[in-house]
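Colleague: I need the structure of the sequence given here:
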Amino acid sequence: MPEHPLTQPPAPATRESLSTASAPSNPTFLGEGAAVTLYRGQWIEAPLSDNQLVATGGSVFSEEQTLRVRLDFSSFKEDLATWSAERVDAKIAENREKIADQLTRAGIDLDPELVLRALIVQKKTDALLQVAPNHDPGIERRSIYSKDGPPPALSEFKGISACAERALLAKHLLDQIGVPVTYMGGVAAHLNEHGAIEGETDHSFLVMQHNDRSMIFDVARMCASGWPRLVDMDHDMPLDRFLTTKNLLVSGTCPFSSAKGKMLFGVGNPYLLDEVRVLGMGEPSGEGVSVPDISE
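Modeller: From the prediction side, this is the model:
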């Protein structure tokens, strides 16, 4: 996706300052299983359903998301015949001790079961959508959305998927094994070592809870080391925080990355941002660690 670097460091935000944020026009609640409309984005907590339509993007000059994808999960039925909570739990039990030891030695405070579950879902998502490493879907993906007729099906994006399609399928996989997770369409960026925002781009990801704090599972951006991109957020990520603002980013740290700077997730327009609020600042912690081989 295109990026729009911002070179000026943002002023740290406080919880109190959020009350002055300008709200998007009439957030809509479309019923069970459907999305809550955010500023240029979506929030979906309920389990996704077969043939559900989900907004995935639109014009950079409009708040309205005009692109839609149809979640034809039934087309993946054969490939998901053995996908179950029992089989995932068995794979976790088989590898838990090894992962726990690696996390302890690396000083990473994450539940090994959470890490393994994300890794298994990451691998399954990539396999189902035939994700090719370092492939930019670019024009091929846009051409699918620009076709005349009804919205394209999720299965049409095999080999050319991006963050929205991958996050939606990963949420479905987690829904199927009873793991609560929220799909969020918004924006992502990072703070460099000088405190400036860089790499602002439209992005879709998953929000989950871990030890009473919010985590981001960025399924479309696996760590270079092979670990799933799990980001420990500095502040909670509840729905009401994003219903009342147009430009708000929350910072967090991926413990599997040794890169300097914070990762940022929230809502906004990467092309027209003027007042950017960043909730949560500070230095990252943790170093990179090698990922184990977890077979399908």
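
Colleague: surely residue 181 touches residue 208?
Modeller: Yes: using CB atoms under 8 Å, residue 181 makes contact with residue 208 at a distance of 4.8 Å. Quick note: C-beta positions are derived from backbone N, CA and C, even for glycine.

Colleague: what score does residue 276 have for pLDDT?
Modeller: Here the pLDDT value assigned to residue 276 is 65.

Colleague: following the helix of greatest length in the chain, which helix or strand shows up next?
Modeller: Criterion DSSP state H: the longest helix present in the chain is helix 85-106. With elements assigned by DSSP states H and E, the helix or strand that comes after helix 85-106 is helix 112-128.

Colleague: now the helix or strand just after that next one: buried residues?
Modeller: The helix or strand immediately downstream of helix 112-128 is helix 138-145, counting by DSSP H and E. Judged by neighbour count using 16 or more other CB atoms under 10 Å, the buried positions of helix 138-145 are 141, 144, 145.

Colleague: quick one: which of residue 181 and residue 208 has more around it?
Modeller: residue 181 (23 against 19; other CB atoms under 10 Å).

Colleague: rounded mean pLDDT for the one helix or strand residue 198 maps to, please.
Modeller: In this assignment (DSSP H and E), residue 198 forms part of strand 197-210. Averaging pLDDT along strand 197-210 yields 92.

Colleague: spatially central residue in this structure, please.
Modeller: residue 205 (1.1 Å; CA atoms, centre = their mean).

Colleague: OK, contacts around it?
Modeller: By CB atoms under 8 Å, 6 or more residues apart in numbering, the contact set of residue 205 is 163, 167, 184, 186, 188, 216, 217, 218, 219, 220, 265.

Colleague: ok, of the buried residues of helix 138-145, which one's closest to residue 225?
Modeller: residue 141 (26.4 Å; CB to CB).

Colleague: settle this for me: that closest one is touching residue 163, isn't it.
Modeller: No: the pair residue 141 / residue 163 is not scored as a contact, 10.6 Å apart, by CB under 8 Å.

Colleague: secondary structure class of residue 156, three-state.
Modeller: Secondary structure assignment for residue 156 (DSSP: H, G, I helix; E, B strand; the rest coil): helix.

Colleague: shift numbering so it begins at 682
Modeller: I'll keep to 682 as the first residue from here, and by that count the last item is residue 837.

Colleague: having no further points to raise, I will conclude here.
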